[in-house]
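Engineer: Sequence unavailable; structure follows:
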Ligand SMILES: Nc1ncnc2c1ncn2[C@@H]1O[C@H](COP(=O)(O)OP(=O)(O)OP(=O)(O)O)[C@@H](O)[C@H]1O
C-alpha cells in the first residue's frame, strides 16, 4: 500500500540573481491505489510537484512521504514509474528492449516480464519493432510499459498524451485506466484537459499560479470501470463545470 503524503511543501528555484517560488504551502495526500489528476494554468508547478515526488530535487520546505519512506528511498528501491509527454525511446532498441531498459540501468532483473507488459499495453506482435516503425500513440504505449517494468507502486505521468490526436488520446485514456487498475499503483496525472482529468481521476486537484497553490480538491464520484459514454452523462458535465469554475473563477460568471 503506497500513500503519498505531501505536507507543508514549498519549492523555490534560483534564477539568475533572483529566486522563483514555484510552489507554496502544498498540503495534500494521495491515497494508496487512487488516481489523482493535477490541473492548473501553465507555470503553476504541476511538473515540479511530480518531480518532487520522484526525487528529482528536494522540497525547499516541508516533507514528502511515499509509502513508509521519503522520495529518495522510494526512488532507490524503484517504487516510482514516470511517463513523460515525450516517449524518449532509444531508437536502436526494439520495443521489448526498450521496456527492459530500466531493469538494465538498475542492474536488476525486470520485476515484470517485458514481453507480457508489451501485450498489456496492446502491442502484441510489435515486440521486435523499432520506435521509428511505431505511431506516436504506440510509442507512448511503450513508454507506459517501460514505466511499469520494475512494478512501481507509484505511477507519475506528466501530460503523457498531450501530443496525441483526440481520438488516440481518448483510446489511450481508456487503456490507461485498465492498466492502472491492473497495476494497483497510486497514479498521479498532470493534464491540461478538464474532461481528461474528470474522466480519469478519483480526485482532481486544481492548482493556481504565482506561486503554485492548491486552490481546490474535487472528488469525482463516478462509477468505474469508466467508458467513453460517461462523457455524455449530466453528472460528468457537472464535474467538468466544477473544475472549470475552480480554474477560471469570476471569469466564468455571466455579467449582469
Ligand atoms: N529546474 C528549474 N529551474 C528553475 N525554474 C524552474 C525549474 N523547474 C521549474 N521552474 C519554474 O517553476 C515554475 C513552475 O514550473 P512547472 O514546469 O512545474 O509548471 P507547470 O505547471 O508544469 O507548467 P506547464 O503546464 O506549462 O508545463 C515555472 O515558473 C518554472 O519556470
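Structural biologist: Right, received. Where do you want to start? The structure presented is a predicted model; accordingly, all values stated were derived computationally and were not measured.
Engineer: what's the helix or strand bottoming out on mean pLDDT in the chain in contact with?
Structural biologist: Lowest by mean pLDDT, DSSP states H and E among the helices and strands of the chain is helix 166-183, with a mean of 89. Identification of contacts with helix 166-183 by C-beta atoms under 8 Å, 6 or more residues apart in numbering yields 35, 120-122, 135-137, 140-141, 144, 148, 151-152, 155, 157, 160-161, 164, 187, 196, 199-200, 224-228. C-beta here means a position set from N, CA and C on the backbone, and glycine is covered the same way.
Engineer: and these, which are buried?
Structural biologist: With burial judged by 16 or more other C-beta atoms under 10 Å, the buried subset of the contacts of helix 166-183 is 35, 120-122, 137, 140-141, 144, 148, 152, 155, 157, 160-161, 164, 187, 196, 199-200, 226.
Engineer: when you check those residues against the helices, which ones overlap?
Structural biologist: 120, 137, 140-141, 144, 148, 196, 199-200 (DSSP state H).
Engineer: Which of those sits closest to the ligand?
Structural biologist: Distance to the ligand across those (C-beta to the nearest ligand atom) is lowest for residue 196, with 13.6 Å.
Engineer: Find me the pLDDT at the closest one, would you?
Structural biologist: Looking at residue 196, its pLDDT stands at 95.
Engineer: Now do the residue lying closest to it once chain neighbours are set aside against the ligand, distance only.
Structural biologist: Using C-beta to C-beta, 6 or more residues apart in numbering and skipping residues adjacent in sequence, the residue nearest residue 196 is residue 173, 6.2 Å away. In this view, residue 173 and the ligand are 18 Å apart by C-beta to the nearest ligand atom, to the nearest Å.
Engineer: does any bit of stretch 86-95 sit next to the ligand?
Structural biologist: No - using C-beta under 6 Å from any ligand atom, stretch 86-95 stays clear of the ligand, coming no nearer than 12.5 Å.
Engineer: So for residue 89, what's the nearest residue that isn't a sequence neighbour?
Structural biologist: Of all residues not flanking residue 89 in the chain, residue 131 sits nearest, at 4.2 Å (C-beta to C-beta, 6+ apart).
Engineer: contacting residues around the one you found?
Structural biologist: Contact partners of residue 131, counting by C-beta under 8 Å, 6+ apart, are 87, 89-91, 93, 95, 98, 139, 142.
Engineer: And these, which of them are buried?
Structural biologist: The buried subset of the contacts of residue 131 - by 16+ other C-beta under 10 Å - is 87, 89, 95, 98, 139, 142.
Engineer: what two of those residues are the furthest from one another?
Structural biologist: 87 and 95 (11.2 Å; C-beta to C-beta).
Engineer: Now for these two: what residues contact both?
Structural biologist: Taking C-beta under 8 Å, 6+ apart as the contact criterion, the common neighbours of residue 87 and residue 95 are 131, 142.
Engineer: Residue ranges in the stretch 101-250 of the chain under the pLDDT threshold?
Structural biologist: Scanning the stretch 101-250 of the chain for pLDDT under 70 picks out nothing.
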